[in-house]
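1. Here you go, sequence then predicted model.
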Amino acid sequence: MPVPEPIRAFPFPHGETEALLEGEWLVTNGLGGYASGTILGALTRRYHGFLVAALPAPHGRVMMLPHLAESFRAADGTTYDIGGEERADGSSTVIGAAWILAFELRGGLPVWRYQVGDAVVERRVLMPHEQNTVHIHYRLVSGKGPVRVKLRPSLQFRPHDAPVATPLGGPYVLTASGDRYEIAAPGGLPPLRLFVHGARKALTLEARTIAGVHYRVEERRGYESTGDLYSPGFFRADLAAGADVTLVASTEAWETLLALAPAEASAAERRRRDSLLAAAPPAARRGLAAELVLAADAFIISPAGRIEDAARAHAAGDEVRTVIAGYPWFTDWGRDTMIGLEGLTLAAGRRLEAGYILRTFARHVRDGLIPNHFPEGGREGIYNTADATLWFFHALDRYLAVTADRATLRHVLPTLKEIASAHRRGTRFGISVDPADGLLGQGEEGYALTWMDAKVGDWVVTPRRGKAVEVNALWYNALRLLERWLREEDSDAAARPLAELIERVQRSFNARFWNDKDGCLYDVVDGERGDDPAFRPNQIFAVSLPNPVLARERWRPIVERVKTRLWTPVGLRSLAPGHPDYKPRYDGDLRARDAAYHQGTIWAWLVGPLVDAWLKVYPGDKLGARKLLLGFEDHLAHGAVGTLSEIFDAEAPYRPRGCIAQAWSVAEVLRAWILTEG
């Protein structure tokens with residue numbers, strides 16, 4: 001029986017420009033490339049564009065087609081313009097809000113409806129899977145035609161995270177071969193190829209520079225906020241019943257981008273998305289969970305830039321997969337990948353890709369560490385993390401529980417043993433076991449090695465050097481898992497040396513981290529300033545992990561205090577109100593934002609561990625656990641529609657901030673939603 005297509009509408013007062021500027025959309029291509037913008041069509045971020053191509057190293061992701069101005073001439077001759085740009089001089093061509101009737105996601109893909117006189121025009125945007133190609137498709141859904149469609153593409157070839165003030169460069173040389181058009185790109189980039197499907201189509205060469213485009217979000221975030229765009233001219237075609245118009249833009253070869261006609265590309269993507277829902281567990285095929293299954297798909301990618309990785313994997317009969325931590329600006333991060341793996345893949349029925357991801361990261365272990373992240377356009381990882389490697393053990397455990405893939409366990413077991421040995425003898429960034437108590441310490445001047453990793457220049461906002469509470473909860477969990485796996489796959493003799501260390505870690509943890517005065521856990525012990533009593537969510541992992549290190553009689557006080565002081569409808573605060581460093585809002589320039597990043601700002605992903613801990617303390621209370629998640633239903637209709645933001649302001653109305661779509665936010669809410677079903 002077919003799975004119903006999830007539909008999510010964006011609610012806005014008709015003609016309300018501000019709401020349409022605040023609402024955003026995102027489409028991805030399975031390579032790390034994407035298309036994104038405001039619902040209105042005006043540019044507000046440097047990352048807004050119809051085609052951000054994911055290219056091999058050293059290029060990384062490149063902005064190819066930032067803007068498309070749309071104009072429709074109705075049968076009576078009246079012209080309707082949609083979108084436009086704000087200008088630095090205060091003038092504005094942000095127009096057309098009155099002509100937007102509706103915006104919604106159908107099957108996770110954006111659909112607009114425009115009023116064009118007596119006619120209604122529908123626009124859809126999709127990216128064929130694993131292609132740096134975008135289809136912008138128009139259809140006459142009601143009323144009299146033909147409607148003349150005029151599309152003016154505006155260009156700025158630059159790294160997608162480069163400032164909008166980056167010079168246009170050039171010249172932008174356009175060449176034509178019949179109705180195929182190419183615009184040359186500098187610096188070894190592939191050309192941008194453009195093709196229009198439609199009746200009476202033509203390109204009018206009318207080159208112009210659109211100067212002084214203003215990006216309001218960039219200004220608010222303290223970055224250069226004015227830049228220029230270049231347009232070579234405009235396309236036109238006639239839209240009538242049964243005669244659609246589609247603009248295709250791509251960096252792929254002509255044979256690839258024209259292999260599928262627009263209708264075929266749309267049908268193929270619909271089938272792919274239907275198959276994702278069909279593969280998901282029954283509880284994830286409807287409602288919020290189904291929407292999150294489709295949202296999760298955006299983050300699982302074949303990294304286009306790491307050709308060497310793919311060659312090594314293919315030689316072993318494997319595939320390379322990784323996880324984009326967040327759109328638009330994050331690359332793949334080890335910590336985010338391991339935390340999100342269960343929700344993004346296993347909870348969504350994507351077991352095969354979970355194995356690919358784990359084996360991909362196992363190949364990158366160096367000195368007992370998995371990479372913290374891979375830089376944009378880079379081939380090698382950056383290893384400055386104290387906890388990502390320990391999350392790798394957790395992710396593998398969740399994978400084995402679902403798949404029983406002992407071959408992968410046997411393949412990575414020598415790597416796991418080396419990881420434990422490296423931590424015991426000491427590895428990079430001061431990550432080492434204290435022989436006196438078995439606890440894991442970390443820290444090096446100028447680095448933030450835990451997930452609370454905000455850093456501005458030389459200022460490490462939350463250094464947490466010493467023995468961090470969640471790092472040691474993860475250390476204990478990893479040791480317990482390794483001991484079991486060694487016993488199962490090797491021998492009792494191989495596992496036996498870990499038993500004494502495990503017992504010592506648990507004993508030391510409960511003695512050192514328990515803050516008897518406040519009835520909770522210290523955030524860091526043996527730190528630069530002694531023991532840190534700041535009330536943070538990190539203590540929940542001492543309860544939530546499969547092998548909880550905290551004594552059972554202390555579980556309930558921790559869970560209740562975390563819920564009371566940190567829980568909000570969209571996640572947990574990173575610091576309790578009342579602390580001198582608490583910040584209620586995350587806004588302003590980079591320094592102001594990073595000062596608030598882990599000092600009160602709400603993180604959606606932390607609700608997953610809270611749900612796990614809640615169900616340990618109150619077994620069977622799925623209704624109580626589900627109530628912790630209900631605020632996310634409303635959020636799916638705001639911000640970037642159909643996905644979950646990275647963070648939120650610490651106080652009501654909990655305005656979404658940070659990345660518009662975050663992997664571990666989607667992963668943990670999806671996983672927890674399924675866990676609390678029924």
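-> The structure has been received and is ready for your questions. Residues are numbered from 1 along each chain as shown.
2. quick one, helices of the stretch 1-150 of the chain?
-> 17-22 (DSSP state H, counting those that start in this stretch).
3. which regions of it sit below the pLDDT cut-off?
-> 1-2, 83-95 (pLDDT under 70).
4. which residues of the stretch 351-500 of the chain fall in strands?
-> Using DSSP state E, counting those that start in this stretch, the strands of the stretch 351-500 of the chain run over residues 432-433, 440-441, 455-456, 459-460, 467-468.
5. Mean neighbour count, distance to Phe103 and mean pLDDT added to the ones you listed, as TSV?
-> (Each C-beta comes from the backbone N, C-alpha and C, glycine too.) Converted to TSV, the strands of the stretch 351-500 of the chain look like this (neighbours: other CB atoms under 10 Å; distance: least, CB to CB, whole Å; pLDDT from 0 to 100):
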stretch	mean neighbour count	distance to Phe103	mean pLDDT
strand 432-433	18	53	98
strand 440-441	23	48	98
strand 455-456	16	36	88
strand 459-460	17	41	93
strand 467-468	28	43	98
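6. Same list, the ones you listed, but as a markdown table with distance to Leu344 please.
-> Listed next are these as a markdown table, based on distance: least, CB to CB, whole Å:
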| stretch | distance to Leu344 |
| --- | --- |
| strand 432-433 | 31 |
| strand 440-441 | 27 |
| strand 455-456 | 27 |
| strand 459-460 | 29 |
| strand 467-468 | 25 |
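7. Run through the bridge partners of the residue lying closest to Cys659 once chain neighbours are set aside.
-> Excluding the flanking residues, the one nearest Cys659 by CB to CB, 6 or more residues apart in numbering is Gly326, at 3.4 Å. Going by DSSP bridges, Gly326 is paired in beta bridges with Gln662.
8. one step back: of all the strands of the stretch 351-500 of the chain, which lies closest to Phe541?
-> strand 467-468 (10.2 Å; CB to CB).
9. from the chain's centre, how far out does the closest one sit?
-> 27 Å (CA atoms, centre = their mean, to the nearest Å).
10. So which helix or strand of the chain has the lowest pLDDT on average?
-> strand 86-87 (a mean of 48; mean pLDDT, DSSP states H and E).
11. What sits closest to Ile660 if chain neighbours are left out?
-> By the measure of CB to CB, 6+ apart, the closest residue to Ile660 outside its immediate chain neighbours is Ala640, 3.7 Å from it.
12. just Gly527 next, same as before
-> Going by CB to CB, 6+ apart, Gly527 has Gly466 as its nearest residue, at 3.2 Å.
13. what do you get for Arg424?
-> Arg424 sits nearest to Val433 (CB to CB, 6+ apart), 4.8 Å away.
14. again with Gln442
-> Using CB to CB, 6+ apart, the nearest residue to Gln442 is Ala386, at 3.9 Å.
15. How about Arg655?
-> Arg655's closest residue in space is Asp649 (CB to CB, 6+ apart), at 4.6 Å.
16. That neighbour is in contact with Ile602, isn't it?
-> Yes. Judged on CB atoms under 8 Å, Asp649 makes contact with Ile602 at a distance of 7.1 Å.
17. If the residue nearest to Arg424 is in a bridge, with which residues?
-> Leu440.
18. So which residues of the stretch 301-450 of the chain form helices?
-> 307-315, 334-341, 351-362, 388-403, 406-425.
19. Quick one: closest of the ones you listed to Ala9.
-> When the helices of the stretch 301-450 of the chain are compared (using CB to CB), the closest one is helix 334-341, at 27.0 Å.
20. Could you name the residue of this protein that is farthest from its center?
-> Largest separation from the mean C-alpha position in the chain: Asp76, at 44.8 Å (CA atoms, centre = their mean).
21. returning to that earlier point: out of the helices of the stretch 301-450 of the chain, which one sits most buried?
-> helix 334-341 (a mean of 28; mean count of other CB atoms under 10 Å).
22. quick check: mean pLDDT across it?
-> In this model, helix 334-341 carries a mean pLDDT of 98.
23. who touches it?
-> With CB atoms under 8 Å, 6 or more residues apart in numbering as the test, helix 334-341 has contacts from 299, 322-323, 325-326, 330, 354, 357-358, 361, 370-373, 381, 385, 387-389, 391-392, 394-395, 398-399, 451, 605, 663-664, 666-668.
24. Could I get the CA-only coordinates of it as CSV?
-> What follows is helix 334-341 as a C-alpha-only set of coordinates in CSV (Å, rounded to 0.1, in the frame of the first residue of the first chain):
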residue,chain,number,x,y,z
GLY,A,334,32.6,13.3,13.5
ARG,A,335,30.7,14.1,16.7
ASP,A,336,27.5,15.2,15.0
THR,A,337,27.7,12.1,12.7
MET,A,338,28.0,9.6,15.5
ILE,A,339,25.3,11.3,17.7
GLY,A,340,23.0,11.5,14.7
LEU,A,341,23.7,8.1,13.1
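25. relative to helix 351-362, how tilted is that helix?
-> In terms of direction (axes from the mean of the first three to the mean of the last three CA atoms, to 10 degrees), helix 334-341 departs from helix 351-362 by 160 degrees.
26. Report the angle between helix 334-341 and helix 388-403.
-> Using the same axes, to 10 degrees: helix 334-341 against helix 388-403 is 20 degrees.
27. So Ser154 versus Ala207, what's the distance?
-> Per CB to CB, to the nearest Å, Ser154 is found 11 Å from Ala207.
28. same check, this time on Thr408
-> Where Ala207 is concerned, Thr408 sits at a distance of 55 Å (CB to CB).
29. so where's the protein shaky on pLDDT?
-> In the chain, residues with pLDDT under 70: 1-2, 83-95.
30. so Arg208 sits in a strand?
-> Yes. Under DSSP: H, G, I helix; E, B strand; the rest coil, Arg208 sits within a strand.
31. In contact with the closest residue to it other than its chain neighbours, which residues are there?
-> Leaving aside its chain neighbours, Arg208 sits nearest to Ser231 (5.5 Å; criterion: CB to CB, 6+ apart). Listed by CB under 8 Å, 6+ apart, the contact partners of Ser231 are Ala69, Arg152, Pro153, Ser154, Leu155, Glu206, Ala207, Arg208, Thr209, Ile210.
32. Touching, His423 and Asn472? I think so.
-> No. The criterion here is CB under 8 Å, and His423 misses it with Asn472 at 11.4 Å.
33. who touches both of those two?
-> Common contacts of His423 and Asn472, defined by CB under 8 Å, 6+ apart, comprise Leu440.
34. Please report the distance of the residue nearest the centre of the chain from Ser645.
-> For the chain, the residue nearest the mean C-alpha position is Gly326 (2.4 Å; CA atoms, centre = their mean). Gly326 is 9 Å from Ser645, where distance means CB to CB.
35. Quick check: neighbours shared by these two?
-> Joint contacts of Gly326 and Ser645 (CB under 8 Å, 6+ apart) are Gly658, Cys659, Ala661, Gln662.
36. Could you identify the pair within these that is furthest apart?
-> Between any two of the shared contacts of Gly326 and Ser645, the greatest separation by CB to CB is 10.0 Å, found for Gly658 and Ala661.
37. what do those two both touch?
-> With CB under 8 Å, 6+ apart, Gly658 and Ala661 have common neighbours Gly326, Ser645.
38. So for these two, which residue has more residues nearby?
-> Ala661 (27 against 20; other CB atoms under 10 Å).
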